[in-house]
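Q: Please work out how this folds:
(2 chains)
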Amino acid sequence: MAFLHATAHASAPAIDNAAKKRSLTPYFLLLPGMVWLIGFFVLPIATLASTSTMTRPDGAAVGTYVQSLRFQNYLDAFSANKDQFFRSFIYAGIATLLALAIAYPLAYMIAFKAGKMRSFLLVLVVAPFFTSFLLRTIAWTQILGDEGPVVSFLKALPFFSNDIRLTSTPFAVVSGLTYNFLPFMTLPLYASLERIDPRTLEAAGDLYANGLTTFRRVTVPLSMPGVVAGTLLTFIPAAGDYVNAYLLGNPNTRMIGNVIDSRFFAIVDYPTAAALSFTLMAAILILVTLYIRKSGTDELV
Amino acid sequence: MKTTTLAPAPMPTLSHRASRWFARNLIRIYAALAFIYLFIPVAYTFAFSFNDAGKSNLIWKGFTLDNWKNPCGAPEVCSALGNSLKIGLISTILATILGTMIAFALGRYRFKGRSVINLLIFLPMATPEVVLGASLLAMFLNFRINPGMTTIIIAHVMFCISFVVVTVKARIASLDPRLEQAAMDLYANERETFRYITLPLVMPGIAGAALLSFSLSFDDFIITNFNSGTVATFPKFVYVSAARGIPAQANVIGSSMFFIALFIVVAGQIIGRRRKAR
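A: Coordinates of the predicted model:
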């Protein structure tokens, strides 16, 4: 939702700088929030970095680690969990593309064809959010489950064998990811589509562009900020998610989030969990930076 | 569809007209299907809140209103819900205040280090939840702080602040600066202008940010799971009981939250529209 507003006004003309005052007030306004973010975001990330190079001394109790600047931890952690890493990025990538394919026409319809229903339909896009996302994911496990309606229906069709399963498959995990982050894709797309002046589309028509050409040469380029924001907002949480892989998948669909979670809690191996978290964060930040550069939209915040 | 449009049809037959209607409304049909997809699990959750299934709500056993009459019937559901509401409320208040202050600083003042502040706002949103959760827990463990209610609230405020800043800042940026200038021209001082002009105009943005914070906090599982120790929140309760089947009371609570939130949003829109009409 936040990005809806963010993208909606990203290119609005800023208030001219002369109107902005120069005083100590902004620093007082910033202070408490920044203290919070430094104390509970920057400092934890720094702790994570320091934990990632720790080792457990011989004979020490479980969960006791000392700093020994062992950067080898990163290589060990990565090579032991390469598959989960790549799987996370592939699943998240596919889910992002699917969400884009579902959300773009949806957002287009709300922006251009919905008329008075617009704000009502927007509420409908966000509404599923209000039921706990865990409950919705569990609902999917039951809908797609072996006894559920979908599998019974597919079994009745002649093309599928009788032992067809939908849950505990990569298919189920990717659909779960697609479903859960769909509103994150739809809202920024809507925000950038809604900003397009319908007259630009008419002008394209006047210049003898047919519907498809208008869409390809005018609508899509103008909606690029929304596409970038939406894909990022879907991809980032999807790549780090482990709930869908846990509820809808099997041991062979484990993603990197599952590994970090189990390293932390089941195995109490903090350095590996920290090294994996750090690698994930770095990989995502690099991808995000490249992507934003490439698409030429710097106006995300 | 293709065959009918390609076939030479000398007169508009029924199927021809049907296919033309179909082509014209293709995007609406597509959107309707997308909405059905979005709402299938919500409808399922709602339907199974009426299931007479006892403890494990997996298979439909028959209709009952008992779960709705006695939403706290399953052990721990309501204490988990209570924790979630408390955490959501406190985190929302703190995050909204801190975030709004930052938004005003960014939207209304010139100062040095703006890009650093922007980066610090953006990074938590670009960091996967599992990393935020793991890093906070690593720090708490390092300082020998036991995770519990306080650490959950600390974490929730942290990830809500950025969303508040972005939402409120957008609202401030969309204000017409002439309104404030007009107030100044009419001899309102800076404080009066802020109190009677700026703040009321920004209020819808602040309210939206608060609503967003509350729903983010209430629904958060991953970060909470890292930093909650033995405290159970509603999502954590659902996750833990997923293995042995979730009591239908959880569906009752999930469905009620859905209707309450929908009511608040729709009511907010209607009020907003009436104000505009005046």
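
Q: max-length helix in the chain?
A: This is for chain A. In chain A, ranked by residue count with DSSP state H as the criterion, the top helix is helix A:82-112.

Q: meant chain B actually
A: Longest helix in chain B, counting by DSSP H: helix B:77-108.

Q: re earlier: please identify the buried residues of the longest helix of chain A?
A: Residues of helix A:82-112 classed as buried by neighbour count (16 or more other Cβ atoms under 10 Å in any protein chain shown): A:84-85, A:87-89, A:91-96, A:98-100, A:102-112. All C-beta atoms are positioned from the backbone trio N, CA, C, and that covers glycine.

Q: helices and strands around it, which ones?
A: For helix A:82-112, the elements it packs on are helix A:118-126, helix A:170-194, helix A:224-240, helix A:256-265, helix A:270-295, helix B:26-47, judged by 3 or more Cβ pairs under 8 Å, 6 or more residues apart in numbering or on different chains; DSSP states H and E.

Q: Give the rounded mean pLDDT of it.
A: Across helix A:82-112, the average pLDDT comes to 94.

Q: tilt between that helix and helix B:26-47?
A: Put simply, helix A:82-112 runs at 120 degrees to helix B:26-47, going by axes from the mean of the first three to the mean of the last three Cα atoms, to 10 degrees.

Q: Is the longest helix of chain B positioned near chain A?
A: Yes: Helix B:77-108 reaches chain A (Cβ under 8 Å from any Cβ of the partner chain) through B:98-99, B:101-102, B:104-105, B:107-108.

Q: Show me which of those is closest to residue A:136.
A: Nearest to residue A:136 among the residues of helix B:77-108 next to chain A, counting by Cβ to Cβ, is residue B:99 at 27.3 Å.

Q: what does the average pLDDT come to for stretch B:193-212?
A: Across stretch B:193-212, pLDDT averages out at 89.

Q: Next, work out how far apart the residue nearest the centre of chain B and residue A:272 are.
A: Nearest to the mean C-alpha position of chain B, counting by Cα atoms, centre = their mean, stands residue B:215 at 3.7 Å. Note on residue B:215: its distance to residue A:272, by Cβ to Cβ, to the nearest Å, is 33 Å.

Q: one step back: for the longest helix of chain B, which residues meet the burial criterion?
A: Quick answer for helix B:77-108 (16+ other Cβ under 10 Å): B:77-78, B:80-81, B:83-85, B:87-88, B:90-92, B:94-108.

Q: Skip the chain neighbours and tell me the closest residue to the residue in the stretch 51-200 of chain B that chain A sits nearest to.
A: Of all residues in the stretch 51-200 of chain B, residue B:128 sits closest to chain A, at 2.4 Å by Cβ to the nearest Cβ. Excluding the flanking residues, the one nearest residue B:128 by Cβ to Cβ, 6 or more residues apart in numbering or on different chains is residue A:240, at 2.4 Å.

Q: Could you give the number of residues near the one you found?
A: Neighbourhood size, residue A:240 [other Cβ atoms under 10 Å in any protein chain shown]: 26.

Q: How about the contacts made by it?
A: A:88, A:256-257, A:280, A:284, B:128-131, B:222 (Cβ atoms under 8 Å, 6 or more residues apart in numbering or on different chains).

Q: Out of those, which is nearest to residue A:232?
A: residue A:284 (9.3 Å).

Q: before we move on, the earlier item: which residues does the residue of the stretch 51-200 of chain B closest to chain A contact?
A: A:236-237, A:239-241, A:257, A:280-281, A:284.

Q: Dump those to a markdown table, plus pLDDT.
A: As requested, those are exported to a markdown table (pLDDT from 0 to 100):
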| residue | pLDDT |
| --- | --- |
| A:236 | 93 |
| A:237 | 93 |
| A:239 | 94 |
| A:240 | 92 |
| A:241 | 93 |
| A:257 | 92 |
| A:280 | 93 |
| A:281 | 91 |
| A:284 | 91 |
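
Q: Compare the residues you listed and tell me which is most surrounded.
A: residue A:257 (30 neighbours).

Q: Skipping adjacent residues, who's closest to that one in space?
A: In this structure, residue A:257 finds its nearest non-sequential neighbour in residue A:242, 3.1 Å apart by Cβ to Cβ, 6+ apart.

Q: Please report the distance of that neighbour from residue B:104.
A: When residue A:242 is compared with residue B:104 (using Cβ to Cβ), they lie 37 Å apart.

Q: go on, residue B:82?
A: 34 Å.

Q: And for residue B:198?
A: 9 Å.

Q: before we move on, what about residue A:45?
A: Distance, residue A:45 to residue B:104, by Cβ to Cβ: 27 Å.

Q: Okay, now the unreliable bits of the chain?
A: You didn't say which chain, so I picked chain A. A:1-22, A:296-301 (pLDDT under 70).

Q: nope, chain B
A: Looking at chain B by pLDDT under 70, you get B:1-12, B:54-56, B:278.

Q: Tell me where it has helices.
A: Counting by DSSP H, the helices of chain B are B:2-6, B:14-24, B:26-47, B:66-69, B:77-108, B:114-126, B:129-142, B:149-173, B:177-185, B:190-193, B:199-219, B:222-227, B:234-241, B:248-277.

Q: Would you mind listing the buried residues in the second one?
A: Think helix B:14-24. Judged by neighbour count using 16+ other Cβ under 10 Å, the buried positions of helix B:14-24 are residue B:19.

Q: do that helix and chain A meet at all?
A: No: judged by Cβ under 8 Å from any Cβ, helix B:14-24 and chain A are separated, with a smallest distance of 10.3 Å.

Q: Who are the packing partners of that helix?
A: helix B:2-6.

Q: Next, count neighbours for residue 261.
A: Just so you know, I chose chain A. 22.

Q: Not quite, go with chain B.
A: Look at residue B:261: counted by other Cβ under 10 Å, it has 20 neighbours.
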